[in-house]
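Participant: Any chance you could fold what I've pasted below:
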Amino acid sequence: MPKVHIIAIGGAVMHNLAIDLAGLGCEVTGSDDEIYEPALSRLKSLDLLPAKIGWHPEKITKDLDYVVLGMHAKKDNPELLKAMSFDIPVYSYPELIYNLSKNKKRVVIAGSHGKTTITSMILHVLKKNNVDFDYVVGAHIEGFDKMVKISDAPVIVLEGDEYLSSPLDPRPKIHHYHPFISVLTGIAWDHINVFPTYSDYIKAFSDYINLIEKNGFLIYNQNDAEVIRLANQTKDVHGIPYDGLTRDFGKNSVLFEGRSYPISVIGNHNLSNLAAAMEVCSQLGILPQDFLSSVSDFKGAAKRLQQIKNTKQKAIYLDFAHAPSKVLATTQAFKSWFGNKKLCAVFELHTFSSLDESFLPQYKHTLEAADKAIVYVSKHTLLMKNKPFLNQEIIKKSFQHPNLTVIYEKEGLITELKDPQYEQYNILLMTSGTFDQMDYQTL
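Facilitator: The predicted model follows:
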């Protein structure tokens, strides 16, 4: 079996890829300059955790079959430079995944939002219906012990990220996959550090849909004008529009062909996600009625409107929302789902885009559905991403929320949220980071 080294092994997908390759019998080593939970414990339990944090060129030996390069590394990474000097093949993880799945039916969930949730819904239903499949998903899902699985299964379901593949490969990850079936959820400008203009971002998706296999299927959101425009330009691809499922008013259920089916997720956007996942599963041979019966106990992927607490007095949920469109949609969905209950929305600026002063005005009014808003900025994140300090006046001017507080320290955030004034508030936490490794149960 191959001997593999993974540069930036601590990433969410990268450490799961390491675990799966080791499970296939590969000899796997790796390095990283930062490894946090849960990757730390999971790698350690399987004897895959690097003995020392940092980059160690001595790990790169001529007998390696290939190296997998993660986005956390840089072009001048000493391990990468040594691998290149030895002419060892270097792959990004999407490139490797494609090479391992060329003979499978590839299903890719793409778009600016909803990817992880839709992918997770599909995996949940396929598993309950005993379908043999492989997958790559960007979050932990209940009932699955890892986020990457490669085997001899005939189908693979991939969460399709539009971000760059690796420091050496500037192509969007989705450009590698060449799907037979794809979902396109919506398009809202993001990642300005690699897509500096809106047209650059659109091009990533227009190029992608031209890479769908001939006579493949594009399942697209009929409520997104940009998505519709791109879908209408496709050739030799079957277009299938989808809309949100109908909620059984006053219940956590959806209506389909006169019958009510209970669901465990909340928010109108999840009714749309359910519709997309149901259409994919239909293309894979699962009837809509069987899909709805199977998805009833799906509670969401980690950090995708993940329930931390939900009682009659208070609900606390955690979501991955980070781009302006996602923050707006998640805040509105959460507020409307719970009716008149007061809402405190807490948003961490964590991505390169959100930490850029020129991009911050894109967040104007995105938190307006919340009665109280808190924006959190981690000094450690600013340091790691080499971004200048953002003062609270700039942040408040950008968000334009009448009741907004800016906090820079984890302890200050915890103290704020434990204040008695929030006893009657639901709390929505939104971040692509961790609020500096905050233990959410302390809330």
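
Participant: Can you name every helix or strand that the longest strand along the chain contacts?
Facilitator: Ranked by number of residues, the top strand in the chain under DSSP state E is strand 342-349. Packing partners of strand 342-349 (3 or more Cβ pairs under 8 Å, 6 or more residues apart in numbering; DSSP states H and E): helix 324-337, strand 372-377, helix 410-417, strand 425-430. From N, CA and C alone the C-beta is placed, and that goes for glycine too.

Participant: pull the CA atoms of the longest one into CSV?
Facilitator: Listed next in CSV are the C-alpha coordinates belonging to helix 324-337 (Å, rounded to 0.1, in the frame of the first residue of the first chain):
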residue,chain,number,x,y,z
PRO,A,324,-22.9,38.1,4.8
SER,A,325,-25.7,36.1,3.1
LYS,A,326,-25.4,33.3,5.5
VAL,A,327,-25.4,35.5,8.6
LEU,A,328,-28.5,37.3,7.3
ALA,A,329,-30.4,34.1,6.4
THR,A,330,-29.5,32.2,9.6
THR,A,331,-30.4,35.1,11.9
GLN,A,332,-33.7,35.7,10.1
ALA,A,333,-34.5,31.9,10.1
PHE,A,334,-33.7,31.5,13.7
LYS,A,335,-35.7,34.5,14.8
SER,A,336,-38.8,33.6,12.8
TRP,A,337,-38.8,30.0,13.9
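
Participant: Surely residue 351 is in a strand?
Facilitator: No: according to DSSP: H, G, I helix; E, B strand; the rest coil, residue 351 belongs to no strand; its state is coil.

Participant: From residue 94, how far out is it?
Facilitator: 20 Å (Cβ to Cβ, to the nearest Å).

Participant: Counting neighbours around each, name which of these two comes out higher.
Facilitator: A side-by-side neighbour count of residue 351 and residue 94, using other Cβ atoms under 10 Å, places residue 94 first with 24 against 20.

Participant: Show me where this protein dips below the pLDDT cut-off.
Facilitator: Flagging of the chain using pLDDT under 70 yields an empty set of residue ranges.

Participant: So which elements touch the biggest helix by length in the chain?
Facilitator: Using DSSP state H to define each element, the chain has its longest helix at helix 268-283. Contact analysis of helix 268-283 by 3+ Cβ pairs under 8 Å, 6+ apart lists strand 105-110, helix 115-128, strand 181-184, strand 216-221, strand 237-242, strand 246-247, helix 288-295, helix 324-337 as its packing neighbours.

Participant: got TSV for the ones you listed, with distance to residue 415 and mean neighbour count too?
Facilitator: Formatted as TSV, these follow (distance: least, Cβ to Cβ, whole Å; neighbours: other Cβ atoms under 10 Å):
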stretch	distance to residue 415	mean neighbour count
strand 105-110	39	26
helix 115-128	31	25
strand 181-184	42	27
strand 216-221	41	24
strand 237-242	44	17
strand 246-247	37	15
helix 288-295	39	19
helix 324-337	23	21
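
Participant: for residue 132, helix, strand, or coil?
Facilitator: Secondary structure, three-state DSSP: residue 132 is coil.

Participant: Quick check: the closest residue to it other than its chain neighbours vs residue 131, distance?
Facilitator: Leaving aside its chain neighbours, residue 132 sits nearest to residue 153 (4.5 Å; criterion: Cβ to Cβ, 6 or more residues apart in numbering). The gap separating residue 153 from residue 131 is 9 Å, by Cβ to Cβ.

Participant: Tell me how many other residues surround residue 350.
Facilitator: Residue 350: 20 neighbours (other Cβ under 10 Å).

Participant: right, and the helices and strands packed on strand 342-349 - which one's nearest residue 399?
Facilitator: Nearest to residue 399 among the helices and strands packed on strand 342-349 is strand 372-377; the distance by Cβ to Cβ comes to 6.5 Å.

Participant: Show me what stretch 393-413 is in contact with.
Facilitator: For stretch 393-413, the external contacting residues (Cβ atoms under 8 Å, 6 or more residues apart in numbering) are 346, 349, 357, 360-361, 363-368, 370-379, 392, 416, 435-438.

Participant: Any quick PyMOL command for the buried ones out of the residues you listed?
Facilitator: Restricted to buried positions by 16 or more other Cβ atoms under 10 Å, the PyMOL selection for the contacts of stretch 393-413 reads:
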select buried, resi 346+349+360+363+366+367+368+370+372+373+374+375+376+377+378+416+435+436+438
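
Participant: Isn't residue 1 up against residue 22?
Facilitator: No: between residue 1 and residue 22 there is no contact under Cβ atoms under 8 Å: 9.7 Å.

Participant: and the two? which has more neighbours close in?
Facilitator: Taking other Cβ under 10 Å, residue 1 and residue 22 do not tie; residue 22 has more neighbours (18 against 11).

Participant: Test my guess that that one contacts residue 30.
Facilitator: No: using Cβ under 8 Å, residue 22 is not in contact with residue 30, being 10.1 Å away.

Participant: Please enumerate the shared neighbours of those two.
Facilitator: In contact with both residue 22 and residue 30: residue 48, using Cβ under 8 Å, 6+ apart.

Participant: Buried residues, stretch 36-54. List them.
Facilitator: In stretch 36-54, counting by 16+ other Cβ under 10 Å, buried: 39, 42-43, 48-50.

Participant: Also stretch 195-205?
Facilitator: Buried residues in stretch 195-205, counted by 16+ other Cβ under 10 Å: 195, 201-202, 204-205.

Participant: do stretch 89-101 as well
Facilitator: By 16+ other Cβ under 10 Å, the buried positions in stretch 89-101 come out as 90-98, 100-101.

Participant: Turn the helices and strands packed on strand 342-349 into JSON lines, columns for distance to residue 384.
Facilitator: What follows is the helices and strands packed on strand 342-349, written out as JSON lines (distance: least, Cβ to Cβ, whole Å):
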{"stretch": "helix 324-337", "distance to residue 384": "22"}
{"stretch": "strand 372-377", "distance to residue 384": "13"}
{"stretch": "helix 410-417", "distance to residue 384": "15"}
{"stretch": "strand 425-430", "distance to residue 384": "20"}
